[in-house]
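Undergrad: have a look; sequence and predicted model below, questions after that.
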Amino acid sequence: MIVFIALQFFRPARTQSPAEPGPDDFALRYAVPEPFRRQLQESCYDCHSNHPRYPWYANVQPIGWWLQSHVNDGNDHLNLSEFGRYSPDKRADKIDSMIDELTFRTMPLKTYSWLHPAARLTKSESDALVDWLQHLRDSMDTD
């Protein structure tokens, strides 16, 4: 019990920008339609942006460390808050990866959607988002 209490004093640095999303944010840069913006916010932004919403249990260690490692790993793969800073080729590659993750239903992670029911995408929601992402990818300039 003493070790558990002592762990509570060692908290990970959180990924959280104080400002609102900026011009490099995926949803703002590409004028994402509202239904897809909401889906991305609910299903992706907690692990793939600078604005995750931390649940209350993120304050309990070692759960907080585990959650923060997921956010760090997610942002290493794709940071939707900084999407506009990627090179055109990297943006196209990231959209292709998003399409693959949604097509094969590997994202959002089952552990995340289990605790966040609003993050669960139906097959039709996922398919519609994939169609929109494919259209976006096809219209992107990758010079």
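TA: Received it, and whenever you're ready, just let me know what you need.
Undergrad: what residues does the lowest-mean-pLDDT helix or strand in the chain touch?
TA: When the helices and strands of the chain are scored by mean pLDDT, DSSP states H and E, helix 2-7 comes last with a mean of 73. Residues outside helix 2-7 that contact it (Cβ atoms under 8 Å, 6 or more residues apart in numbering): 61, 62. All C-beta atoms are positioned from the backbone trio N, CA, C, and that covers glycine.
Undergrad: just checking, next helix/strand downstream of that helix?
TA: Counting by DSSP states H and E, the next helix or strand C-terminal to helix 2-7 is helix 26-29.
Undergrad: restrict that next one to CA atoms and write it as PDB.
TA: This file holds the C-alpha atoms of helix 26-29, laid out as PDB (Å, rounded to 0.1, in the frame of the first residue of the first chain):
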ATOM      1  CA  PHE A  26      -6.300  18.100 -39.600                       C
ATOM      2  CA  ALA A  27      -9.900  19.000 -39.100                       C
ATOM      3  CA  LEU A  28      -9.300  22.700 -39.700                       C
ATOM      4  CA  ARG A  29      -6.800  22.400 -42.500                       C
END
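Undergrad: what helices or strands is that helix leaning on?
TA: Where contact means 3 or more Cβ pairs under 8 Å, 6 or more residues apart in numbering; DSSP states H and E, helix 26-29 is packed against helix 34-43.
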